[in-house]
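[1] prediction below, plus the sequence it came from.
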Amino acid sequence: MVSLFQQNNTDSKCLATLSWDQSTVDAQRPILYVCIIASIVHAAFWLQLSFCPSVRQKTMQWLYAYLATDIFLLMRFFFLFIVHTTSTECIPTRAWELFVAYIEAIGDNYLNILEVYILLALNLCRYIQITRNKNVYVTNVRLLVVTHIAIYLLPAFFLIIQLPIGWGELNSYSGNTCDIGYTNTFAVVLNIVVAFILPIGLNILVIGASVRHVHLTSQLQQAKHHVSAREKYNRSLVIQFTIFYTIWFLLWSPNIIIYQFTSGVNTLTIIGKLLNFIEISIDPIIVAALDVRFYQAWKKTWTELKNRSLKKFGHEQRRIGPAVFTTTVNTVQQRVTKV
């Protein structure tokens, strides 16, 4: 293990640090296959946006922001896999080496932190919608813009600032990967709190408050022998998000926890990343399955395609039908003439 900031740069024209050894490449292949499948699933999901205007809504902005982080995680993996498996031993510039190292060491943790805070923002917006019957996507546009900017910038600042102040160290492993090593226990604890304990705890509190509100409201409505359409919709929102969040947490959390305590490539890091990319591959499926708007859009698209196919088939039948009839008439006429 070598710190990239402490490397001897006397021979900067030939730094053999980017090429993975064969064991590392073999360890990354299962993740590569999962990422290819995930790319196909995400491509199919995003393609529907160009055909289904009904799913391009302001209320879905956090879902799309979350799924966009999945795309960036996939792009990061493909970029690093190509660089580490096609690079020659000589690196042209020190800047390129540091750029690749930062993408590899910080990119994964940064994007995963984004995901958990984006889900927290989505959860809070749904809580306000459920408890106050208020559409924050219309009434609080400026606050949403500020929230977006804060979520994207603050985690990046938090991760990068740890290097110059000495809390973290950018390490490179010969023939292996790059990662961040923390220099003291306080830094480790702080990163666990910011990346895991705080957002997960807040999400659980908000989900619990939403469930409690829906439960109390449901009991009140049942006492009046009437359940409104709004309450049914709120109940479905809570159930949908609880199912999604449970699946997401089980597949996402191992990678973020392992990242804080291990370095390099080993069995634990590979398992954590594999689970993370499996979660990425099924994200569009879960989102589409739990949100009725996607089902309605798919149903509408399927109906239109089926109707177009039937019309085209009927048109072809009409074109073929007269030709056969004319031939038959002509044949009969010829026979009559001969007689």
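    Cool, got the structure. Numbering: from 1, shown residues only.
[2] did I read that right, residue 197 in a helix?
    Yes: residue state for residue 197 (DSSP: H, G, I helix; E, B strand; the rest coil) corresponds to a helix.
[3] count the neighbours of it for me.
    Look at residue 197: counted by other C-beta atoms under 10 Å, it has 11 neighbours. Heads up, the C-betas are built off the backbone N, CA and C, glycines and all.
[4] distance of it from residue 253?
    11 Å (C-beta to C-beta, to the nearest Å).
[5] where do the strands of the stretch 151-300 of the chain begin and end?
    168-172, 178-182 (DSSP state E, counting those that start in this stretch).
[6] quick check: domain ranges of the chain?
    Following automatic domain parsing, one gets these domains for the chain: 2-290, 294-339.
[7] most packed of those?
    Among the domains of the chain, ranked by average contacts under mean count of other C-beta atoms under 10 Å, first place goes to domain 2-290 (a mean of 16).
[8] so where is the stretch 101-250 of the chain shaky, pLDDT-wise?
    174-175, 219-228 (pLDDT under 70).
[9] could you rerun that using 90?
    Filtered on pLDDT under 90, the stretch 101-250 of the chain yields the residue ranges 101, 129-134, 170-181, 211, 213-243.
[10] residue 41 and residue 240: what is the separation?
    Plainly put, residue 41 is 19 Å away from residue 240 if you go by C-beta to C-beta.
[11] ignore what I typed, I meant residue 112.
    Distance from residue 112 to residue 240, by C-beta to C-beta: 22 Å.
[12] cool, and residue 274?
    From residue 274 across to residue 240, the span is 26 Å (C-beta to C-beta).
[13] all helices of the stretch 201-339 of the chain, in order?
    Using DSSP state H, counting those that start in this stretch, the helices of the stretch 201-339 of the chain run over residues 229-261, 267-290, 292-338.
[14] now for those, which one comes closest to residue 29?
    Checking the helices of the stretch 201-339 of the chain against residue 29 by C-beta to C-beta gives helix 267-290 as the closest, at 10.2 Å.
[15] which strands or helices does the closest one pack on?
    In terms of contacts (3 or more C-beta pairs under 8 Å, 6 or more residues apart in numbering; DSSP states H and E), helix 267-290 is packed against helix 22-47, helix 61-86, helix 229-261, helix 292-338.
[16] save these as JSON lines, and put in distance to residue 122 too.
    As requested, the helices and strands packed on helix 267-290 are arranged in JSON lines below (distance: least, C-beta to C-beta, whole Å):
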{"stretch": "helix 22-47", "distance to residue 122": "17"}
{"stretch": "helix 61-86", "distance to residue 122": "4"}
{"stretch": "helix 229-261", "distance to residue 122": "8"}
{"stretch": "helix 292-338", "distance to residue 122": "15"}
